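Visitor: Sequence and predicted structure, then a few things I'm wondering about:
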Amino acid sequence: MVQEKSITIDHHCQHIGENGKRCEAKCMVGSSFCWWHNPEVTERRLEAARRGGLARRGSSLSEPGNYVIQSPIDVLGVLQDVLNSAYALENSASRA
């Protein structure tokens, strides 16, 4: 009788912090690193942080009439902003 070996697949980030401990976040698909430690997405991560900061302060883009729609992808941006604004409201009838 042949005994099968089990293979363990580790889906956790390979980043080792300054404290010597490994990051416990799950890896991005196709990467050995999570969103925070993947060097391939540094620019996207910085842009996301910048946009998050604008949203927290109240970007002028969220004001009615300040959207410039020139392509279908622009519509997705507007929809995303509107949904994020709605989710930020208290769960009430006015939010609905």
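Guide: Looks like it arrived, so ask away.

Visitor: where does this protein have low pLDDT?
Guide: For the chain, the stretches with pLDDT under 70 are 1-9, 53-65, 96.

Visitor: Please enumerate the helices of it.
Guide: Here the chain has its helices, by DSSP state H, at 42-57, 72-88.

Visitor: For stretch 20-38, buried residues please.
Guide: For stretch 20-38, a neighbour-count test (16 or more other C-beta atoms under 10 Å) marks 23, 27-28, 33-34, 37-38 as buried. C-beta here means a position set from N, CA and C on the backbone, and glycine is covered the same way.

Visitor: circling back to that earlier point, mind checking which of the helices of the chain is nearest Gly17?
Guide: When those are compared by C-beta to C-beta, helix 42-57 sits nearest Gly17, at 16.8 Å.

Visitor: can you list the domain ranges for this protein.
Guide: Here the domain parsing of the chain from automatic domain parsing is 8-57, 60-96.

Visitor: Single out the most deeply packed of these.
Guide: Counting by mean count of other C-beta atoms under 10 Å, domain 8-57 has the highest mean neighbour count of the domains of the chain, with a mean of 12.

Visitor: All set now, cheers.
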